[in-house]
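*Asks:* Need coordinates for the following:
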Amino acid sequence: MFTSQTSSFQDSIDVEERDDFDNEEISGYGQKIQLNCYYTIYLYQGTRSEASGENVAWNQRRADSTTSQEDFSLTLIDSSLPPEAEPELRTYISRRLGKGALLGGMGNIATVELSIPEQGVGCYCCLLEQERSPEQPDADGNGYVVCFMGGSEKGLNLFRLELDKYVQGLHSSLQTPELQNLETEVRPYLSQWYEESVMHIYRVVQLVQSNISFLLHAALSQTHVELSNSDERTKADVSRFIKAASLQGLSQQDATTASLCKAVTEDTHTELIIDCSTSPPTFSNTVSNRFCDDWIQAFLNGAERCNPFLLRQILENFKLKAIQDMNSLKRFVRQAEMSHYALFRCCLFLQGCGNGDVLLQNARAEHSDLPEACSIIGVLEEFLKEPPPARA
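*Replies:* Sure thing, here's the model as predicted:
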């Protein structure tokens with residue numbers, strides 16, 4: 001039983017040796033941090049919506065960059081793609097829009113074939129619709145189609161939530177078709193999509209190196225992390241890493257997280273402090289365990305390969321293994337209420353998984369209203385406190 005668990009754990013850690021993210025599709029990561037990435041933004045106009053004279057004049061000036069269909073038109077505003085590749089993307093987007101495959105505010109990710117060195121590339125596209133006029137609630141709306149291209153379809157899918165959030169940040173800047181703020185706001189924002197939406201995990205691993213286990217433990221245990229002498233970008237990166245590594249929102253009950261956070265914040269000494277005035281940063285109040293330590297090398301290997309997609313997959317595998325162990329503990333606790341042998345198996349499991357402190361912390365928060373379960377958890381906590389017997 002425990003041999004198979006160990007094998008499963010090793011398989012999850014060894015993702016960098018066998019995952020699709022390490023094939024020729026992204027072989028460029030071995031040479032440099034950032035692959036070739038591109039952006040494009042189009043004006044989308046429904047043909048049944050009333051366009052102002054100003055908009056019509058602007059569209060006429062951009063006739064060579066406009067694709068018109070029966071129900072809509074798509075006009076290029078700005079793109080970092082090579083000139084020969086942009087019309088190919090516009091044709092692809094028009095086809096997707098014609099099939100109703102792009103829904104307002106929801107990102108869509110697929111592989112597109114373009115005249116670029118990568119040929120087949122992952123493409124994230126999102127339709128940002130403008131609010132419709134109260135006088136024409138049924139008219140086809142206008143808006144913008146934003147496209148980000150880079151890496152693979154599978155890789156971009158790992159960052160779907162970050163990309164959705166990043167695109168939504170454009171809303172306040174997209175006011176008129178002319179986009180007079182194109183060079184000052186829109187273009188710089190679009191140009192940074194890869195750095196801001198994909199590279200944050202890589203930057204954190206590069207920053208903390210082997211101390212990554214402290215952040216992983218803090219994320220699992222809902223321990224607050226405080227950065228000092230740090231710039232805002234680093235603070236945001238660490239915060240997003242903690243959120244990505246956390247099981248918050250994945251627990252069976254939201255109350256579990258709330259109870260756990262309350263229990264942790266009652267003890268100010270548990271706050272993990274990172275001083276960025278030194279290189280590497282100095283950590284205070286550090287806590288880790290064998291489970292988190294075992295993942296250090298996988299993260300360092302991913303960072304060495306300059307592969308943010310691989311790092312995200314490793315992080316997802318880390319969370320998956322933690323969730324599997326948490327579910328196993330819940331099952332053992334239920335069985336231990338009726339069987340002393342099950343209690344013994346539970347003790348062995350906690351001793352072997354290397355994450356007993358975090359699992360019991362979560363279990364106590366989740367079972368706080370179940371006296372029998374709390375009693376068993378108390379026994380398990382005492383068991384973990386006892387030093388293992390010395391070997392002869």
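*Asks:* quick one, what contacts the residue nearest in space to the middle of the chain?
*Replies:* For the chain, the residue nearest the mean C-alpha position is F159 (4.7 Å; C-alpha atoms, centre = their mean). F159 makes contact with 197-198, 312, according to C-beta atoms under 8 Å, 6 or more residues apart in numbering. The way it works is simple: take the backbone N, C-alpha and C, and place the C-beta from them, glycine included.
*Asks:* Output the longest helix belonging to this structure.
*Replies:* When the chain is parsed with DSSP state H, its longest helix is helix 308-336.
*Asks:* Can you name the next helix or strand after that one?
*Replies:* Note on helix 308-336: by DSSP states H and E, the next helix or strand toward the C-terminus is helix 340-353.
*Asks:* helices or strands up against the helix or strand that comes right after that following helix?
*Replies:* Next along the chain after helix 340-353, taking DSSP H and E as the criterion, comes helix 356-366. Based on contacts counted as 3 or more C-beta pairs under 8 Å, 6 or more residues apart in numbering; DSSP states H and E, the elements that helix 356-366 packs against are helix 254-265, helix 308-336, helix 340-353, helix 371-385.
*Asks:* among those helices, which gets the worst mean confidence?
*Replies:* If you rank the helices and strands packed on helix 356-366 by mean pLDDT, helix 254-265 sits at the bottom with a mean of 46.
*Asks:* Quick one: name whatever helix or strand follows it.
*Replies:* Counting by DSSP H and E, the next helix or strand C-terminal to helix 254-265 is strand 272-275.
*Asks:* And that following strand, how far out from the chain middle?
*Replies:* Distance of strand 272-275 from the chain centroid (C-alpha atoms, centre = their mean, to the nearest Å) equals 23 Å.
*Asks:* ok, it: who's next to it in the sheet?
*Replies:* Strand 272-275 has these partner strands in its sheet, going by DSSP bridges: strand 225-228 (parallel), strand 282-284 (antiparallel).
*Asks:* Take those and lay them out in a markdown table including distance to L43.
*Replies:* Formatted as a markdown table, those follow (distance: least, C-beta to C-beta, whole Å):
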| stretch | distance to L43 |
| --- | --- |
| strand 225-228 | 41 |
| strand 282-284 | 49 |
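*Asks:* Can you tell me which of those strands is most buried?
*Replies:* strand 225-228 (a mean of 16; mean count of other C-beta atoms under 10 Å).
*Asks:* List of residues touching that strand?
*Replies:* 215, 218, 234-235, 238-239, 242, 271-277.
*Asks:* between the helices and strands packed on helix 356-366, which one is nearest to P82?
*Replies:* Evaluated over the helices and strands packed on helix 356-366, closeness to P82 peaks at helix 308-336, with 23.4 Å, by C-beta to C-beta.
*Asks:* For the stretch 51-200 of the chain, which segments count as strands?
*Replies:* Taking DSSP state E, counting those that start in this stretch, the strands of the stretch 51-200 of the chain run over residues 66-68, 72-79, 108-113, 120-129, 142-149.
*Asks:* Distance from the fourth one to the middle of the chain?
*Replies:* In terms of C-alpha atoms, centre = their mean, the centre of strand 120-129 is found 17 Å from the chain centre.
*Asks:* Could the C-alpha coordinates of that strand be exported in PDB?
*Replies:* Taking C-alpha atoms only, strand 120-129 is exported to PDB below (Å, rounded to 0.1, in the frame of the first residue of the first chain):
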ATOM      1  CA  GLY A 120       1.800  26.200 -34.900                       C
ATOM      2  CA  VAL A 121       1.500  28.300 -31.800                       C
ATOM      3  CA  GLY A 122      -0.900  28.500 -28.800                       C
ATOM      4  CA  CYS A 123      -3.400  31.400 -29.300                       C
ATOM      5  CA  TYR A 124      -5.600  32.900 -26.500                       C
ATOM      6  CA  CYS A 125      -8.300  35.100 -27.900                       C
ATOM      7  CA  CYS A 126     -11.100  37.000 -26.100                       C
ATOM      8  CA  LEU A 127     -14.000  39.100 -27.200                       C
ATOM      9  CA  LEU A 128     -14.400  42.200 -25.000                       C
ATOM     10  CA  GLU A 129     -17.900  43.600 -25.700                       C
END
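*Asks:* just checking, what packs against it?
*Replies:* helix 86-98, strand 108-113, strand 142-149, helix 153-157, helix 160-168.
*Asks:* residues contacting the nearest residue to A245 once chain neighbours are set aside?
*Replies:* Take A245 and drop its neighbours on the chain: the residue closest to it by C-beta to C-beta, 6 or more residues apart in numbering is A219, 3.6 Å away. A219 sits next to 241-243, 245-247 when contact means C-beta under 8 Å, 6+ apart.
*Asks:* what's the answer for F283, then?
*Replies:* F283 neighbours (C-beta under 8 Å, 6+ apart): 208, 211, 214, 272-275.
*Asks:* just the buried members of those residues?
*Replies:* 208, 211, 214, 272, 274 (16 or more other C-beta atoms under 10 Å).
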